[in-house]
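Student: Can you look at this prediction? I've put the sequence above it.
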Amino acid sequence: MIIQQTELNGYNLINDLPIGIFDSGVGGLTVYRALHDRLPNEHFVYLGDTARVPYGTKSLATVERYALENSQFLVSRGIKLLVVACNTASALALPKIRARMGIDVVGVIGPGARKAVEITKDKAIPRIGVIATEATVSSNAYSTAINRASRDTEVFQAACPLFVSLAEENWINEPETFSIAEKHLRSIVAFGPDALVLGCTHYPILRDVIQQTVGTNVKLIDSGEATAEEVERLLSEKALGNPKIISGSRTLCDDLDHFYVTDAAERFARVAERFLGAQPSKLEEIEVFGVDEFQSETRPLGSVLSDPDSYRRKHDS
């Protein structure tokens, strides 16, 4: 769906709406950081489904249901674009989300794959490694996306399940972390990639450890940063960027951004501080019900356009 730029009494309704982001938990904060850094005029609404994490152990039907519920919740908050920061949801549920939500949706797998192909295009036969959770590796979503962008590329994937816990506990410089990284990445090093996709949103926290383990000649691809680049291009192409210049310097987790979690808000705030150096100024613990149960509370994008004063009163408070 292409949203047309609309103005009412001089107020640019669509452009001023926030960008929605959801993840199964806290890992998507690295995507939020990349978006925040690249798009300082935008503001964001983030949902971490911390009550139902991890998604990687769930069935396709369950991941799709969770992803649709999260997306519907964010759409009900009035957003102009949705970023699916969860790799599992991006791998398994993106088509359903795009079909149901009626706004532009960007996942993290496609951008990461395309970025890896772009930076290895000078190689005769590019070799791209992918590290991710076991669920994402099993889905073959990254290898499929890479081969779609370049048929001549060799792809090798490896699961690094312990990296998530190491990132959340902030074990960045511990000897054990380097030892685990060496074991997890042994097959990647043997493959000898030109580029390595960090296919889990937690992994950029361990970027230095990963780089030292695979060698400085391997280019690391942060899928969050690649996603932020594509979001910037999409906003420009569809004239959806916020033209307002925010006075003063923006900081991560400031009061222009709103964070929601479905459980354990205090833990989320602690991990956010480890990841981002700051705790969210606006953090709420909510329950994301099934679509039928909270549909009466949902406000489609059209209702925001028809009642902008109500929207501003609700979301500027």
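Tutor: Looks like it arrived, so ask away.
Student: For stretch 242-259, buried residues please.
Tutor: Buried residues in stretch 242-259, counted by 16 or more other C-beta atoms under 10 Å: 242, 252, 253, 254, 257, 258, 259. Every C-beta, even on glycine, is put in place using the N, C-alpha and C of the backbone.
Student: and the least confident of these?
Tutor: Lowest in pLDDT among those is residue 242, which has 91.
Student: Compute the number of surrounding residues for the residue nearest to it when sequence neighbours are not counted.
Tutor: Once flanking residues are discounted, residue 242 sits nearest to residue 41: 4.6 Å by C-beta to C-beta, 6 or more residues apart in numbering. Neighbours of residue 41 under the rule other C-beta atoms under 10 Å: 13.
Student: Now name the helix or strand holding residue 78.
Tutor: Counting by DSSP states H and E, there is no helix or strand that carries residue 78.
Student: Just the pLDDT for it.
Tutor: So, for residue 78, pLDDT stands at 95.
Student: State the distance from it to residue 45.
Tutor: 8 Å (C-beta to C-beta, to the nearest Å).
Student: got any residues that touch both of those two?
Tutor: Residues touching both residue 78 and residue 45 (C-beta atoms under 8 Å, 6 or more residues apart in numbering): residue 18.
Student: Can you say which helix or strand has the residue nearest to residue 242 in it?
Tutor: Counting by DSSP H and E, residue 41 is part of no helix or strand.
Student: so who does it touch?
Tutor: Taking C-beta under 8 Å, 6+ apart, we find residue 41 in contact with 241, 242, 243, 244, 245, 246.
Student: Go through the residues you listed and flag which are in strands.
Tutor: Within the contacts of residue 41, no residue falls in strands by DSSP state E.
Student: can I get those in TSV with distance to residue 286?
Tutor: What follows is these, written out as TSV (distance: C-beta to C-beta, whole Å):
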residue	distance to residue 286
241	28
242	25
243	31
244	28
245	31
246	26
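Student: quick one: which of these is nearest residue 219?
Tutor: Lowest distance from residue 219 to the contacts of residue 41 (C-beta to C-beta) belongs to residue 241, with 28.6 Å.
Student: Name the helix or strand for the closest residue to the closest one other than its chain neighbours, please.
Tutor: Excluding its sequence neighbours, the residue lying closest to residue 241 (C-beta to C-beta, 6+ apart) is residue 235, at 4.2 Å. Taking DSSP H and E as the definition, residue 235 sits inside helix 223-237.
Student: Repeat that for residue 128.
Tutor: In this assignment (DSSP H and E), residue 128 forms part of strand 127-132.
Student: Can you name every helix or strand that that strand contacts?
Tutor: Packing partners of strand 127-132 (3 or more C-beta pairs under 8 Å, 6 or more residues apart in numbering; DSSP states H and E): helix 141-149, strand 154-159, helix 186-191, strand 195-198.
Student: Can you tell me the closest non-neighbouring residue to residue 194?
Tutor: Excluding the flanking residues, the one nearest residue 194 by C-beta to C-beta, 6+ apart is residue 120, at 4.7 Å.
Student: mind listing what the one you found touches?
Tutor: 126, 127, 128, 153, 194, 195, 219.
Student: now it: how far from residue 27?
Tutor: Residue 120 is 25 Å from residue 27, where distance means C-beta to C-beta.
Student: what sits up against stretch 170-179?
Tutor: With contact meaning C-beta under 8 Å, 6+ apart, stretch 170-179 is reached by 166, 205, 206, 208, 209, 212, 213, 274.
Student: Keeping just the C-alphas, turn it into PDB.
Tutor: Presented in PDB, the C-alpha positions along stretch 170-179 are these (Å, rounded to 0.1, in the frame of the first residue of the first chain):
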ATOM      1  CA  ASN A 170      26.900  -8.000  28.900                       C
ATOM      2  CA  TRP A 171      29.700 -10.600  28.800                       C
ATOM      3  CA  ILE A 172      31.500  -8.700  26.100                       C
ATOM      4  CA  ASN A 173      35.100  -9.000  27.300                       C
ATOM      5  CA  GLU A 174      35.000 -12.100  29.400                       C
ATOM      6  CA  PRO A 175      37.500 -14.900  28.600                       C
ATOM      7  CA  GLU A 176      34.600 -17.400  28.400                       C
ATOM      8  CA  THR A 177      33.000 -15.300  25.700                       C
ATOM      9  CA  PHE A 178      36.000 -15.500  23.400                       C
ATOM     10  CA  SER A 179      36.200 -19.300  24.100                       C
END
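Student: pLDDT (mean, whole number) over it?
Tutor: The model assigns stretch 170-179 a mean pLDDT of 94.
Student: Just give me how far it sits from the chain centre.
Tutor: Counting by C-alpha atoms, centre = their mean, to the nearest Å, stretch 170-179 is centred 25 Å from the centre of its parent chain.
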